[in-house]
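*Asks:* can you look at this prediction? I've put the sequence above it.
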Amino acid sequence: MSRTVDEIKEKVNIVDVVGQVVQLKRTGINYKGLCPFHQEKTPSFVVSDQRQNFHCFGCGEGGDVIEFVKKYYNLDFTEAVEKLASQYNIPVEWGKGDHGEREELYKINREAAAYFYRQLRKGPNPGLTYAAGRGLTKETLHTFGIGYAPDEWTGLYDTLKAKGITEDKMMKLGLISQSGKRYYDKFRNRLIFPIQNTAGKIIGFGGRILGDGQPKYLNSQETPVFQKKNNLYGLYQSKAEAVKEDKIVLVEGYMDAVSLYQGGIHNVAASLGTALTENQVRLLKRYTKNAYLCYDSDEAGIRAALRGMDIFQAEGMDVRVLHVTEGKDPDDFIKQRGKEAFLDLMDAALPYADYKIKYLEGQHDLSTDRGRVAFLVDAAGVLARLGPVEADMYTKELSDRYGISRDAIRREMEGSRKERAPVPRRQDPEEQTVRTPMDLTEKLLIKVFLTQQEYLDREAEWKDAIQSDSGQLIAAAMQKARAGNAGAAGSTPDTPAPGQLDERAVLEQLDEQDQQVFLSIRDGMPAPADPQGAYRDCLIKAKKALLRKREQDLIDRLALADGTVNKEEVDRITAELIDVQMKLKS
C-alpha cells in the first residue's frame, strides 16, 4: 500500500481535491476558503499548493490530501486511499499487508466463526447453558453469530488445519497460541462473540469465560484486519437503525449490547472494553450525530463518561449520558424493566454541559466562597467548548444561580479557550493501524502506580503524560480495578484489601497483548527507590515532550501562514512559540 500512497501524494494535487468541495481563492502563495469542518463566516482554512497540505486556523484541523478525504467523507485510511486511487486512475498495489492477504484473513476468521457457531448448536453444552441463563434467544444468537469454544486444546486448530490453513495465519489472527512445537486454541471454554466491521466482515472475537478462570473476557489481539480503537461491537447490526432513529446508544460490554438489542433497542453498539477513541466516534458520526453514553454509575463509569463526552463534543456530536438506575447494568435493566423504561432513561439523559456542570458541583464545596470560585472556573472551561448561543444560555443560568457577573464567567471562558488552543493532528497514515508503543517514561509511571496506588487518583496531573494506546488502557484498567475494590471485603488470602489495586481485575480488562505489557512492567521493572521523585520526573519529561511537539506544530503553522493570515494571528502564533521555547529552556 505504501507505493500507492506515495503515488497519490506525487500525482494528486490537494488544491484540486479540496477545490471540488470548498470554494478556494488564491491569496499569496496559498489558497483560502471557508472551513468545511466547522461553521465560520471569515475564511481561516488554508491550502498550500507548495507543501501539499491544509490547515484551519479556526478549528485546528490539518494534514495531507489523504487526511482531508478521510475527514471530509468520513472514511478510514484504506477507504480514503481507494477513493483517491480510483478517482485518479492510480493502481492499488497493496504490498506487504495487501488486499489479497486481508481477504484471506477475513475468510479464515469466517471459518473460525462458523466452527464456534456449530459448536454452540451441537447440543447440551456449557455455552448453551450460559446463553440460556442469560436469557438469550435463538434469534439473538443467530443475529450476532454467537458461538461456543469447547474446553478442548486443539478443536479449532484441527478444523482449520484440515482446511489447509497454516499455523502462521492462525497465529497472525490470534486464533491459536504456541508452546514449544505445540499449537493450541487460544479461545477455550468460552462463549464467543464474533466482531464484525461495518461491511459485515469478521475481524476478531471476544470470548466470555464459562465458569472460573481468567481473564473473564478475552479479546482478539491486534491484527492486520482488527484494531480495537477503530471498531465497535454490534455496529454492523445496528447501523441502519442508528440512521433511522438518528441516535446511537454506546455501552461498555458485549452482553450489554446484545441484551439491549434483544430488548428492542436496535441502535446500540459497544466499545470493545477499551477507553473510547476518536476513531470510534468518527465511525459513529457516519450514521448519526446524536450519541447516548450508557456506562456504569460507579466512579470509574462516571470518569469514562466524562472522557467520552469530551471526545464526542470535540467531534461536533450531541452527546448525552444516562446511568442505569438501581445499581443495575444495562443487561439487567432491559430484562427486568423492558424497552419503555429504558427509553424513559434516554429521555432523561443529561446533555454535555448539564452533566459536566452537575458533576463539578459535586466536586466542590459550594458553601464556601473558595469552593464556588473554583467551581465557576471549572464550569467556565466546560462552557468554553460550547457554541456561542448555548454558552450564553448557560452563562446566564450560572450567573443567576451563583450571583457572579456574566462578564466574569465570559473572561474565564476566554482564558480557557486560549489554554486549549487547537493543535493540528499530524498523524502518520501508517500509524493508524499500528498501536503506539509505550515509552520508558510511561512504563515507569505505571510502575509508580503499582507501588504508590494513591497516585492513580491524581489523573489531572498525569493524564497528558500517558499518550500510548497501551498506556491509556492499562492506566484506565488500574483505576477501574482499584475503584471496583473500594468496598470489597477480603474473602481469600490473596484478595486485596478494600481500596487496594486488584491486579486480577486489571488483567480481566486487557487483551492478551496489553496483559503482557502490564506483566512485563510489574515483573520486569525494578521498583523506584524514590517513588515520589520518580513520579515527579515522569511528569517533567512528559511535559517537555508535549512542549517539543507543540513547538514543532507552531513552527509548521507559521510556515503555512506566510502571506495568507493576518498579522495579528501571525503575532499570536509567534508569541506562543517564544513562550513554549522559553519554557523548554527553563
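*Replies:* The structure has been received and is ready for your questions. Residues are numbered from 1 along each chain as shown.
*Asks:* burial count for Leu232?
*Replies:* Leu232 has 28 neighbours, counted by other CB atoms under 10 Å. Heads up, the C-betas are built off the backbone N, CA and C, glycines and all.
*Asks:* now it. Nearest residue, chain neighbours left out?
*Replies:* Ala269 (4.3 Å; CB to CB, 6 or more residues apart in numbering).
*Asks:* which of the three states applies to the one you found?
*Replies:* strand (DSSP: H, G, I helix; E, B strand; the rest coil).
*Asks:* could you give the number of residues near it?
*Replies:* Count around Ala269 with other CB under 10 Å applied: 27.
*Asks:* 29 is where my numbering starts, stick with that
*Replies:* With the count now opening at 29, the last piece we talked about shows up as Ala297.
*Asks:* wait, it sits on Tyr261?
*Replies:* Yes. Shown here, Ala297 and Tyr261 form a contact pair, counting by CB atoms under 8 Å, at 6.4 Å.
*Asks:* quick check: neighbours shared by these two?
*Replies:* Here Ala297 and Tyr261 share the contacting residues Ala285, scored by CB atoms under 8 Å, 6 or more residues apart in numbering.
*Asks:* chain center to the lengthiest helix in the chain, what's the gap?
*Replies:* If you go by DSSP state H, the chain has its longest helix at helix 559-589. Relative to its parent chain, helix 559-589 has a centroid offset of 22 Å by CA atoms, centre = their mean, to the nearest Å.
*Asks:* send me the helix or strand just after that helix as PDB with only the CA atoms.
*Replies:* For helix 559-589, the following helix or strand on the C-terminal side (DSSP states H and E) is helix 595-613. Only the C-alpha atoms of helix 595-613 are listed here, as PDB (Å, rounded to 0.1, in the frame of the first residue of the first chain):
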ATOM      1  CA  LYS A 595      -0.600  40.000  11.100                       C
ATOM      2  CA  GLU A 596      -2.400  39.600  14.400                       C
ATOM      3  CA  GLU A 597      -2.700  35.900  14.000                       C
ATOM      4  CA  VAL A 598       1.000  35.600  13.000                       C
ATOM      5  CA  ASP A 599       2.000  37.600  16.000                       C
ATOM      6  CA  ARG A 600      -0.100  35.500  18.300                       C
ATOM      7  CA  ILE A 601       1.500  32.200  17.000                       C
ATOM      8  CA  THR A 602       4.900  33.800  17.200                       C
ATOM      9  CA  ALA A 603       4.400  34.900  20.800                       C
ATOM     10  CA  GLU A 604       3.200  31.400  21.800                       C
ATOM     11  CA  LEU A 605       6.200  29.900  20.100                       C
ATOM     12  CA  ILE A 606       8.500  32.100  22.000                       C
ATOM     13  CA  ASP A 607       6.700  31.200  25.200                       C
ATOM     14  CA  VAL A 608       7.000  27.500  24.500                       C
ATOM     15  CA  GLN A 609      10.700  27.800  23.700                       C
ATOM     16  CA  MET A 610      11.300  29.700  26.900                       C
ATOM     17  CA  LYS A 611       9.500  27.000  28.900                       C
ATOM     18  CA  LEU A 612      11.700  24.400  27.300                       C
ATOM     19  CA  LYS A 613      14.800  26.300  28.200                       C
END
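*Asks:* excluding its own residues, what touches helix 595-613? List them.
*Replies:* So helix 595-613 is in contact with Phe85, Ala449, Lys572, Leu575, Arg576, Arg578, Glu579, Leu582, Ile583, Arg585, Leu586, Ala589, going by CB under 8 Å, 6+ apart.
*Asks:* and that helix with helix 559-589, angle?
*Replies:* 150 degrees (axes from the mean of the first three to the mean of the last three CA atoms, to 10 degrees).
*Asks:* once you drop chain neighbours, what's closest to Ile437?
*Replies:* Thr423 (5.0 Å).
*Asks:* against which helices or strands is the helix or strand harbouring that neighbour packed?
*Replies:* Element membership of Thr423 [criterion: DSSP H and E] is helix 416-430. With contacts taken as 3 or more CB pairs under 8 Å, 6 or more residues apart in numbering; DSSP states H and E, helix 416-430 sits against helix 380-391, helix 397-411, helix 434-447.
*Asks:* kindly recompute the last result at 6 Å.
*Replies:* helix 397-411, helix 434-447 (3 or more CB pairs under 6 Å, 6 or more residues apart in numbering; DSSP states H and E).
*Asks:* no further queries at this time; thank you.
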